[in-house]
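# build the 3D model from these lines:
(chains A and B)
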Amino acid sequence: MTETQKVRFYQTGTHTVGNRLMEPASRTVQASPERSNAITSGHRACQGCGEALGARYALDAAMRATGGRMVAVNATGCLEVFTTPYPETSWQVAWLHSLFGNAPAVATGVVAALRVTGQHDVRVVAQGGDGGTTDIGFGCLSGLFERNDDVLYICYDNEAYMNTGVQRSSATPAFARTATTPATGPHPGNVAGTGKNLPRIAMAHEIPYVGTASVADLHDLEAKVTRAMAIGGARYIHIHVPCPLGWGAAAHDTIRLARLAVESGLFPLIEAEHGEVTAVKPIRRRVPVEDYLRPQKRFAHLFRPGHEDRATLAAIQATADANIRRYGLCPEGQE
Amino acid sequence: MTEAPKPFAITLDPGSSKANHTGSWRSERPVYVDRLPPCNAQCPAGENIQGWLYHAEGGDYAAAWQVLMQDNPLPAVMGRVCYHSCEGACNRGTLDEAVSIHAVERFLGDYALDHGLRPQVAAPPSGRRVLVVGAGPSGLSAAYHLTRLGHAVTIREAGPMAGGMMRLGIPRYRLPRDVLDAEIARILGMGVTLELNTRVADIEAAFAEGFDAIFTAVGAHLAKRTEIPAHAAARILDAAGFLAQVETGEAPQLGRRVIVYGGGNTAMDVARTVKRLGAEDAMVVYRRSRAQMPAHAFEADEAEDEGVMMHWLRTITAVDGAAVTVERMVIDASGRPQPTGEFEVLEADTLILALGQDADTGFLARVPGVEVASDGVVGVDARMMTGRPGLFAGGDMVPAERTVTVAVGHGKKAARHIDAWLRGGALAAPEKHAPATFERLNTWYYDDVPRSLQAELALVRRQTGFDEVVQGLTEATALYEARRCLSCGNCFECDNCFGVCPDNAVIKLGPGNRFRIDYDYCKGCGLCAAECPCGAIEMVPEIA
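Residues are numbered from 1 along each chain as shown, chains lettered A, B, ... in the order given. You can find the predicted model right below:
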């Protein structure tokens, strides 16, 4: 007869960045005017850059977790170029750049230098794009994992070499058009069936922590960075950051595309410790991969009017379905 | 002072990227807007529903009630009897289920009564006197708003009690009289003079008494009749008269079986009242089908729950003592009922006609300039003024939907125009914001939450007494319900724009002050607009 329902939901649940009705503790770091703004205004990233957003999200969370006692090491790539054209910089954290391929090794060196100078409370974060991580810095990164150095390495994955003109990387998805994988010939776009899934490679090193995150889910991203900063040893977070320029998408669609990648199953949000998956973020509103692919010009060859490439679309859908099965992204009754 | 030596190959001092004003890249700029939410646009009483829900969401019920009272002096009544068309318009209905606006309104109304809250009156006395004719919802609303605007108001009511159709037309199981009495008393407590049992027959004489303006809202109390051949003495009543008799404790003897003729809300109210008075069979006879009935579906549902029998598609053709002959009807292609020539006989001791009412406005026929239609309805202009300068009219006696909410809205509208007229000006209609449509929302950010149901009184109690049927929300459920509001078209400070800007070009101004765009650095990517849950940011071309 009488209602005893508890007040469980705020006006918008916990999906927005903040909310005046939310407890301050459950708001994101980004909701705070006191956030570090690791990358400040005036940087030269394109309109709607997912990487600028992802890097600020991640480093602001790491800065809060470490109380500002932190050094960031950067590989060459968009992130380095658009933030730090000599003599200006957008970084508002202690920041160091050396070469394209050596960021993990430099980070290891910074850890050693801090140790010998007695600064035991200062933590180290290394970061790079997918090119610097999955291709050029791959050997150094594997070494960092294998040595279990006390570094959080963050890869901002925009799925190609965007800064130099959208050449493919080993993280470019199958069938995507890039400058080096044109949409022509019998097999248009990037090759299928190979490529590197770096989160799984990191898990194979059995390091203490591996996480995947997306600029579309800020609460989840910040929780993962915060979790990683609470652990010692080698940690790896892989953040999906859409690139309007390289993907041929509208600048205002960056977060929407990241969200569709998650909701379609193409980019699973998971956590793993010592090689074992410990948590997955279930899909909230599942969508077909087409919803994600269609707004991107790099996949336009799959959607030619009258000649839609159904076989390829089915193959991409199969990839998403396999992810959903592998990680259990759609709990029973939710599909 | 000597400069520190620079490292090898470095000739420039380091600087911040803030020297680089990336705002020059922009071809479109984000602009914060306020849009008109569909609930507000729909409300016949012109309530700022989203505005009072905003305060209720934060748990400040007193502030919420004060915002509500800016437009409607009868929230506890309204939360019970309004047909809440706002909820039909609510964008949340497209997402899951509409916000239960009426239930929150009722909670706020009851909260104010429990806590003795008083409306804020700011205007200084104007020295003007206004007469209100009729103490129904429209007259009470006008009196309240005129008082708030500083005018001295006298209400003259022909009957022995204030409330009009709220008392004589709405049964107490839908509107308990203590609630009605308390809200009327609060209006009178603001300094309104109420003269009961005082019929106004001569408008010009009233003006001559010294009233500067008059608002008439005498309602529509004359029952419509229909030609039914009655062969023997049949007991036939009209709905309005019957409900008024029940209210004044003079309910007539009905017998065991009662037929109510009509398909509107009044017919349902009468049938449910008949059931409560002890009739074994309460039947509704209506010439069209359920789909075409003017009654709201929930009223018919509640009537059926209580045991009222429905005879759809029947017209009464003859009454002979207790034998009521009805003809079956069919709906034709144009949606009109057509006779079939097939007849049935129903048994009834009493027939109550619920066929609508006309306005009793004969007293205005002599007033020069006033247009009175054949059904008694009085013509008014956009200001609610009749052809007689200074004489305004509203409620059921003017052409409009006849509900308490519309009447309250008329009272407010007339009061504002009377105020402007008394001050020698015209009320400029404030410009309305563009509508906040569902398509403008980014619903990803809202959780899927079903609405909380108001508990209903056990059926057995509903069939035997006049206790209130629908129960109110508890504070917890009212808060929950208020927080389901999507705040369509108006910033509710979720921090999304502040968070999603890749260029740190959104400045957070603190609680209640919303945000500002830093156009020095905004590149115009549009992420803030795309990810705003409520559609309160628009992208505007830099060069139109």
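# helices of the stretch 301-450 of chain B, start to end?
B:404-422 (DSSP state H, counting those that start in this stretch).
# show me where pLDDT drops low in it?
Applying pLDDT under 70 to the stretch 301-450 of chain B flags the ranges B:449-450.
# near chain A, which residues of it? Just list them.
B:Trp444, B:Tyr445, B:Tyr446, B:Asp447, B:Val449 (Cβ under 8 Å from any Cβ of the partner chain). (Glycine included, C-beta is placed from N, CA and C.)
# neighbours of the fourth one, how many?
The burial count assigned to B:Asp447 is 17, neighbours taken as other Cβ atoms under 10 Å in any protein chain shown.
# try the second one
A count of nearby residues for B:Tyr445, using other Cβ under 10 Å, gives 21.
# picking up where we left off before, just the closest of the residues of the stretch 301-450 of chain B next to chain A to chain A, please.
Using Cβ to the nearest Cβ, B:Asp447 is the member of those that sits closest to chain A, with 3.2 Å.
# ok, the closest one to B:Val500 distance?
B:Asp447 sits 19 Å away from B:Val500, going by Cβ to Cβ, to the nearest Å.
# now B:Ile507
14 Å.
# and the two? Which one has more around it.
Of the pair B:Ile507 and B:Val500, B:Val500 is the one with more neighbours under other Cβ under 10 Å, namely 25 against 12.
# quickly note the distance from the more buried one to B:Glu344.
For B:Val500 relative to B:Glu344 (Cβ to Cβ), the value is 67 Å.
# then A:Asn74?
From A:Asn74 to B:Glu344 the distance is 88 Å (Cβ to Cβ).
# so the two - more neighbours on which side?
Taking other Cβ under 10 Å, A:Asn74 and B:Glu344 do not tie; A:Asn74 has more neighbours (24 against 11).
# now do the contacts for residue 217.
In the absence of a named chain, chain A is used. Neighbouring residues of A:Asp217 by Cβ atoms under 8 Å, 6 or more residues apart in numbering or on different chains: A:Arg259, A:Val262, A:Leu269, A:Lys281.
# chain B is the one I meant
So B:Ala217 contacts B:132-134, B:136, B:138-139, B:142, B:164, B:393-397, B:407, B:410-411 (Cβ under 8 Å, 6+ apart).
# three-state assignment of the residue of the stretch 101-250 of chain B found nearest chain A?
Proximity of the stretch 101-250 of chain B to chain A (Cβ to the nearest Cβ) peaks at B:Ala103, 10.6 Å away. At B:Ala103 the chain is in helix, as set by DSSP: H, G, I helix; E, B strand; the rest coil.
# same deal with A:Thr212?
strand.
# and if you look at the one 10 residues further on?
When the structure is split into helix, strand and coil by three-state DSSP, A:Glu222 lands in helix.
# let me see the contact set for it.
Taking Cβ under 8 Å, 6+ apart as the test, what A:Glu222 contacts is A:Thr28, A:Val29, A:Gln30, A:Tyr57, A:Ala61.
# cool, B:Ala89 as well?
B:Pro38, B:Cys39, B:Ala41, B:Gln42.
# from chain A, how far out is the second one?
Yep, that's B:Cys39 we're talking about. 15 Å (Cβ to the nearest Cβ, to the nearest Å).
# burial count for the closest residue to B:Asp518 other than its chain neighbours?
Distances taken as Cβ to Cβ, 6 or more residues apart in numbering or on different chains place B:Ala505 nearest to B:Asp518, at 4.5 Å, with adjacent residues excluded. By other Cβ under 10 Å, 25 other residues sit near B:Ala505.
# go on, B:Phe107?
By other Cβ under 10 Å, the residues close to B:Phe107 number 28.
# tell me if it really is in a helix.
Yes - under three-state DSSP, B:Phe107 falls within a helix.
# which secondary structure state does residue 30 sit in?
Picked chain A for this. Applying three-state DSSP: A:Gln30 is helix.
# hm, I was asking about chain B
B:Pro30 ends up strand, using three-state DSSP.
# how many neighbours does residue 312 have?
Unless you meant another one, I'm taking chain A. 19.
# please go with chain B instead
B:Trp312: 19 surrounding residues under other Cβ under 10 Å.
# spell out which residues of the stretch 1-150 of chain B are next to chain A.
So the stretch 1-150 of chain B meets chain A at B:10, B:12-22, B:25, B:57-58 (Cβ under 8 Å from any Cβ).
# for the residue most central in space within chain A, what are its contacts?
By Cα atoms, centre = their mean, chain A has its centre lying nearest to A:Ile239, at 0.8 Å. By Cβ under 8 Å, 6+ apart, the residues touching A:Ile239 are A:Gly54, A:Tyr57, A:Ala58, A:Ile154, A:Cys155, A:Tyr156, A:Asp157, A:Thr212, A:Ala213, A:Ser214, A:Val215, A:Leu221.
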